[in-house]
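**Student:** What would the 3D arrangement of this be:
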Amino acid sequence: MDIITIIHVTLAVTATISGAIVMSRKKGDIFHTKLGKLFVASMVFVNITAFAFLPKYGFTIFQPLALWNLVWVICGYYYAAKKPNKNWLINHFYFMTYAYVGVVAAAVARIPLSFGFFPYESAFIAIAFVFGISVYVIEKQGKKLRAIGV
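**Tutor:** Numbering: from 1, shown residues only. Below you'll find the model as predicted:
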């Protein structure tokens, strides 16, 4: 395994674990803020390192998804850091949770790629499956947050 792969996988695992902890704990305290910053930093660099695979594998679906995910991470961080409007918290929630789903979907999609049998079709199915379940859960939680005026 080359150094870029080791860095990319280490960052992805860090983002996955830190994101899971952030989402499962109390929101807004110092632990949330510190671990959230670790999540953001890991996600920024895991998305950037996705482009380092271009020379080795060529252009794949993962580069546009990494760019899209990077935008969502930056937007989520922006809303938490700047609080630009009264809807900052709900915006932060949506951007960060969908960014987290992105890293989970990429990990799940990587599994069929390892086996080589219809790899890209299987990866698309894996991504669709993860997002399909996640959208239901996230939108249900977002509706609750909007109902209480967050």
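**Student:** residues contacting residue 40?
**Tutor:** Under the criterion of Cβ atoms under 8 Å, 6 or more residues apart in numbering, the neighbours of residue 40 are 73, 76, 77. Placement of C-beta: from N, CA and C, glycine included.
**Student:** That should have said residue 126, apologies.
**Tutor:** Taking Cβ under 8 Å, 6+ apart, one finds 105, 108, 109, 111, 112 in contact with residue 126.
**Student:** Pull the host helix or strand of residue 8 out as PDB, backbone CA atoms only.
**Tutor:** For residue 8, the host element (DSSP states H and E) is helix 3-24. Output of helix 3-24 as PDB, limited to C-alpha atoms (Å, rounded to 0.1, in the frame of the first residue of the first chain):
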ATOM      1  CA  ILE A   3       1.700   6.400   1.300                       C
ATOM      2  CA  ILE A   4      -1.200   8.300  -0.300                       C
ATOM      3  CA  THR A   5      -3.500   5.300   0.200                       C
ATOM      4  CA  ILE A   6      -2.400   5.000   3.900                       C
ATOM      5  CA  ILE A   7      -3.000   8.700   4.500                       C
ATOM      6  CA  HIS A   8      -6.400   8.700   2.700                       C
ATOM      7  CA  VAL A   9      -7.600   5.600   4.600                       C
ATOM      8  CA  THR A  10      -6.300   6.900   7.900                       C
ATOM      9  CA  LEU A  11      -8.100  10.200   7.400                       C
ATOM     10  CA  ALA A  12     -11.300   8.400   6.300                       C
ATOM     11  CA  VAL A  13     -11.300   6.200   9.300                       C
ATOM     12  CA  THR A  14     -10.700   9.200  11.600                       C
ATOM     13  CA  ALA A  15     -13.500  11.100  10.000                       C
ATOM     14  CA  THR A  16     -15.900   8.100  10.200                       C
ATOM     15  CA  ILE A  17     -15.100   7.500  13.900                       C
ATOM     16  CA  SER A  18     -15.100  11.200  15.000                       C
ATOM     17  CA  GLY A  19     -18.300  11.900  13.000                       C
ATOM     18  CA  ALA A  20     -20.100   9.000  14.600                       C
ATOM     19  CA  ILE A  21     -19.100  10.200  18.100                       C
ATOM     20  CA  VAL A  22     -20.100  13.800  17.400                       C
ATOM     21  CA  MET A  23     -23.500  12.700  16.100                       C
ATOM     22  CA  SER A  24     -24.100  10.400  19.000                       C
END
